[in-house]
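A.B. asks: From the sequence below, what's the structure:
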Amino acid sequence: MSHSLLIAFVMFATVMFFTPGPNNIMLLSSGLTYGFRPTIPHIMGITVGFAFMIGAVGLGLGTIFIAYPVLQTILKYAGVAYLVYLAAHIAMSELPSAGFAGGLPKGGDLEPDAPREDMPIARRRPADTLGVTHAQPRGSPKPDLS
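C.D. replies: Below is the predicted model of the structure:
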């Protein structure tokens, strides 16, 4: 890896890590609701998971997609199927009844357009994953797999 490509990679990873996206909003909500100490496992999970995604791309995930474009097509269709599954699951779920032990969701907003608070934001908005898997620069040389 050239020095300029390494600098670009580190800058991209830093910006993606600190951008106030869905994971940071989820951590803010968890920290305000439960406190800092109970939120530490959540922080560690997001940090390790994001580092794993960045590392997978850095170790050649983009190269594999260039060498075998059909894998990217399969991944796209699998992602669409998963999002349709999640949408159907959310659409068919029932609202909590009046005798629900946990009460109304935080804020008490039960309108159909309101985001579901029991569904993690990162699963609803896979922007980080899309940003990472499409980080392969255009016009990169095809890998020599021989």
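A.B. asks: C-alpha from now on. contacts and neighbour counts both.
C.D. replies: Will do.
A.B. asks: Could you pull up the mean pLDDT of stretch 72-88?
C.D. replies: If you average the pLDDT over stretch 72-88, you get 94.
A.B. asks: Stretch 17-35 too?
C.D. replies: Mean predicted lDDT for stretch 17-35 stands at 84.
A.B. asks: all helices of the chain, in order?
C.D. replies: Remark: helices assigned in the chain by DSSP state H are 3-18, 22-34, 36-56, 62-67, 69-92, 121-124, 127-133.
A.B. asks: For the fourth one, buried residues please.
C.D. replies: The neighbour-count criterion (16 or more other CA atoms under 10 Å) identifies 62-66 as the buried residues of helix 62-67.
A.B. asks: likewise the fifth one?
C.D. replies: By neighbour count with 16+ other CA under 10 Å, helix 69-92 contains the buried residues residue 83.
A.B. asks: start at 113 instead
C.D. replies: Got it, first residue is 113 now, which makes that one helix 181-204.
A.B. asks: Dump it to PDB, keeping only the CA atoms.
C.D. replies: Presented in PDB, the C-alpha positions along helix 181-204 are these (Å, rounded to 0.1, in the frame of the first residue of the first chain):
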ATOM      1  CA  PRO A 181     -18.300  -8.800  -9.400                       C
ATOM      2  CA  VAL A 182     -21.000 -11.400  -9.000                       C
ATOM      3  CA  LEU A 183     -20.300 -11.500  -5.200                       C
ATOM      4  CA  GLN A 184     -21.200  -7.800  -5.000                       C
ATOM      5  CA  THR A 185     -24.400  -8.400  -6.900                       C
ATOM      6  CA  ILE A 186     -25.300 -11.300  -4.500                       C
ATOM      7  CA  LEU A 187     -24.500  -9.100  -1.500                       C
ATOM      8  CA  LYS A 188     -26.800  -6.300  -2.900                       C
ATOM      9  CA  TYR A 189     -29.700  -8.700  -3.400                       C
ATOM     10  CA  ALA A 190     -29.100 -10.200   0.100                       C
ATOM     11  CA  GLY A 191     -29.100  -6.700   1.600                       C
ATOM     12  CA  VAL A 192     -32.300  -5.800  -0.200                       C
ATOM     13  CA  ALA A 193     -34.000  -9.000   1.000                       C
ATOM     14  CA  TYR A 194     -32.800  -8.300   4.600                       C
ATOM     15  CA  LEU A 195     -34.200  -4.800   4.500                       C
ATOM     16  CA  VAL A 196     -37.600  -6.100   3.100                       C
ATOM     17  CA  TYR A 197     -37.600  -8.700   5.900                       C
ATOM     18  CA  LEU A 198     -37.000  -6.000   8.500                       C
ATOM     19  CA  ALA A 199     -39.700  -3.700   7.000                       C
ATOM     20  CA  ALA A 200     -42.200  -6.500   7.000                       C
ATOM     21  CA  HIS A 201     -41.300  -7.400  10.500                       C
ATOM     22  CA  ILE A 202     -41.800  -3.800  11.700                       C
ATOM     23  CA  ALA A 203     -45.000  -3.400   9.600                       C
ATOM     24  CA  MET A 204     -46.600  -6.500  11.000                       C
END
